[in-house]
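Asks: Kindly return the folded structure for what I paste below:
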Amino acid sequence: WRPNKMEKFDVIVFNFGINDRKARAYAREMLVEDGRLFAPVNVQNDYWLKQAFKVYDDQGNVLWSVNDVGAWSVQFQPDVTADTCQGIWCAQYNGFKKKK
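Replies: Next up is the predicted model:
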């Protein structure tokens, strides 16, 4: 879905939960040097019911992370493109279909 010569970004911000592997891959592939990616990342792979906020650099390294914000746990809508998505937002409930 991405063009071959896509320009890279200074900052990427996700507003839905994703797995760590995907966050690191997007950071390495889509950020300029010294760019940052900010995302609510699942605390366990494919566990969509709790995330931690993480900031990644352009190499996919975690620069900052927090599991709770004050007394609040971090929980976002899951990545609906993930085959393991759980909850009412996911394909089996909302009709989302991946492009072939």
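Asks: Could you look up the SS state of Arg24?
Replies: State at Arg24, reduced to three classes by DSSP: H, G, I helix; E, B strand; the rest coil: helix.
Asks: Report the mean confidence score over the host helix or strand of Ala52.
Replies: Following DSSP states H and E, the helix or strand that holds Ala52 is strand 51-56. pLDDT averaged over strand 51-56 equals 94, rounded to a whole number.
Asks: contact partners of that strand?
Replies: Identification of contacts with strand 51-56 by Cβ atoms under 8 Å, 6 or more residues apart in numbering yields 17, 20, 23-24, 27, 31, 36-43, 62-67, 69, 74-76. No exception for glycine: its C-beta is placed from N, CA and C like everyone else's.
Asks: burial measure for Lys54, as a count.
Replies: Taking other Cβ atoms under 10 Å as the criterion, the count of residues near Lys54 is 22.
Asks: Gln86: neighbour count?
Replies: Quick note: Gln86 (other Cβ under 10 Å) scores 13 neighbours.
Asks: Nearest residue to Asp34 in space, please, no chain neighbours.
Replies: Sequence neighbours aside, Asp58 is the residue nearest to Asp34 in space, at 6.6 Å (criterion: Cβ to Cβ, 6 or more residues apart in numbering).
Asks: those helices in this structure, which residues are they?
Replies: Assigned by DSSP state H, the helices in the chain fall at 20-30, 91-94.
Asks: Appreciated, that's everything.
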